[in-house]
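Undergrad: Take a look and give me a structure for this.
(chains A and B)
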Amino acid sequence: MGETESELVARLRAGDEAAFLALVDLYGALMLRIARSHVPSAAVAEEVVQEAWLGVLAGIGRFEGRSSLKTWILRICANRAKTRGERERRTVPMSSLAPEDDDAPAVDPDRFQGPDGRYPGGWAAFPQAWQALPEERLLARETLGCVQDAIRGLPSRQQDVIVLRDMEGWSAEEVCEALEISEANQRVLLHRARSRVRGALERYFEAAAVPA
Amino acid sequence: MTRPGLEVTCREFVELVTDYFEGRLPDDVRVRFEDHVELCPGCATYLEQMRTTVRLTSRVDERERRPEVAALLETFRNFQRSG
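TA: Presented below is the predicted three-dimensional model:
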């Protein structure tokens, strides 16, 4: 623990409101984002964050600094969000009843030529380049919404990894530590997640394509 | 398409992209990966799409909102009172 961090911990234990607000400032938005990736609405995500903070306050006395405070807080949040997400899915049918398909191929095998093709394992038809799309189209709210929906539909471990790596810009090491997974596993999850998001974008752009 | 001389098929190529980005491909595989993308327009497009996917994901922040600080503060105060 850095000096600032142990100071914050000590102040939080003493019930210091300013220390609490400092932590909310540091990690609140990220917690909300993690929560949002597991539950069907922003309102529920905010409840999850509240619960997570209660967990932090209840547990801070036992926090030993074996992981960083950030990692510890985010893990509490991710756990609450997962539990809540599972419960919500039992009551509200959600699209994200996604199976844990960590072995699924990155691209539908039908997109490649079979053993009798001219080039077995080669593309049956090349994917369509997106570079032709104007930048404003790529970054349009709707496109980013498609990315967000795709991420929300991922199995939860893939969601955690892609949110932290690609949305938050964490390093592989930080993600492994926070989620307690191996480096190789982290890469598999990231690969599945990115591949699925790419597939969703491809379908989105194809569906939206206006015939010339 | 997999042409003669290419030792990685397109179907294999798409599974190597993340390891390539992460710098985790063994040297010999990386060379074959780069040879492949050089000669295969389909996989060049695919690689670019994966780059774009990562870039777009990093731009998803429209839903990031300030958490309800007031509500959290109340949670904190209630906790302190009950504790």
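Undergrad: who does the longest helix seen in chain A touch, helix- and strand-wise?
TA: Longest helix in chain A by number of residues (criterion: DSSP state H): helix A:183-208. Here helix A:183-208 touches helix A:141-152, helix A:156-162, helix A:172-179, helix B:17-21, helix B:41-59, going by 3 or more C-beta pairs under 8 Å, 6 or more residues apart in numbering or on different chains; DSSP states H and E. To be clear about C-beta, it is placed using only N, CA and C from the backbone, and glycine gets the same treatment.
Undergrad: so which of those is the most packed in?
TA: Highest mean neighbour count of these: helix A:156-162, a mean of 24 (counted as mean count of other C-beta atoms under 10 Å in any protein chain shown).
Undergrad: now what about that helix, what contacts it?
TA: Helix A:156-162 is contacted from outside by A:34, A:37-38, A:78, A:82, A:85, A:100, A:102, A:151-152, A:154, A:175, A:179, A:181, A:186, A:189-190, A:192-194, A:196-197, B:57, using C-beta atoms under 8 Å, 6 or more residues apart in numbering or on different chains.
Undergrad: which residue packs closest to whatever residue of chain A ends up closest to chain B, ignoring adjacent ones?
TA: Closest to chain B within chain A is A:Gly121: 2.9 Å, counting by C-beta to the nearest C-beta. The shortest distance from A:Gly121 to any non-neighbouring residue, by C-beta to C-beta, 6 or more residues apart in numbering or on different chains, is to B:Thr9 (2.9 Å).
Undergrad: related to what we said a few turns ago, weed out the non-buried ones from the contacts of helix A:156-162.
TA: Neighbour-count burial (16 or more other C-beta atoms under 10 Å in any protein chain shown) applied to these gives A:34, A:37-38, A:78, A:82, A:85, A:151-152, A:154, A:175, A:179, A:181, A:186, A:189-190, A:192-194, A:196-197, B:57.
Undergrad: re earlier: mind listing what the residue nearest to A:Gly121 touches?
TA: So B:Thr9 contacts A:112, A:119-122, B:2 (C-beta under 8 Å, 6+ apart).
Undergrad: Show me which of those residues are buried.
TA: Among the contacts of B:Thr9, the ones that count as buried by 16+ other C-beta under 10 Å are A:112, A:119, A:121-122, B:2.
Undergrad: Of those, which one scores lowest on pLDDT?
TA: By pLDDT, B:Thr2 ranks lowest within those, coming in at 45.
Undergrad: sorry, back to before: closest one to A:Leu8 among the helices and strands packed on helix A:183-208?
TA: Evaluated over those, closeness to A:Leu8 peaks at helix A:172-179, with 18.1 Å, by C-beta to C-beta.
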